[in-house]
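Novice: when you get a sec, could you give me coordinates for this:
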Amino acid sequence: MKTLTKSAHRKIAGVCGGLAEHWNTDPVWVRVAAAILLFMGATTVPVLVGYCVLWWVLPEPDPT
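Specialist: Numbering: from 1, shown residues only. Predicted coordinates for the structure are as follows:
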């Protein structure tokens, strides 16, 4: 089973990169989706809160 962690190749906190690695997709698509959701008005606060929670909860990646 694959564990969700932050990405070692991060832009801000590694959350979007970690989600992309977990879903086996390009991190650009996850970042674009997060940006679109962030600027859609009604979803701004939930997206920011969710990102901050994942930033705090997700473990750092193994250095190996």
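
Novice: in the protein, which spans are helices?
Specialist: Here the chain has its helices, by DSSP state H, at 15-23, 27-38, 44-57.

Novice: residue 63 is nearest to which of the ones you listed?
Specialist: Taking Cβ to Cβ as the measure, those were each checked against residue 63, and helix 15-23 came out nearest at 14.9 Å. (Glycine included, C-beta is placed from N, CA and C.)

Novice: other residues contacting that closest one?
Specialist: For helix 15-23, the surrounding residues in contact (Cβ atoms under 8 Å, 6 or more residues apart in numbering) are 2, 4-11, 26-27, 29-31, 34, 51, 54-55, 58, 61.

Novice: please redo it, this time with the cut-off set to 6 Å
Specialist: Contacting residues not belonging to helix 15-23 are listed as 4-7, 9-10, 27, 30-31, 34, 51, 54-55, 58 [Cβ atoms under 6 Å, 6 or more residues apart in numbering].

Novice: now residue 58: closest residue in space that isn't a chain neighbour?
Specialist: Of all residues not flanking residue 58 in the chain, residue 6 sits nearest, at 4.8 Å (Cβ to Cβ, 6 or more residues apart in numbering).

Novice: give me the neighbour count for the one you found.
Specialist: 21 (other Cβ atoms under 10 Å).

Novice: what separates it from residue 26, distance-wise?
Specialist: Remark: distance between residue 6 and residue 26 (Cβ to Cβ, to the nearest Å) = 17 Å.
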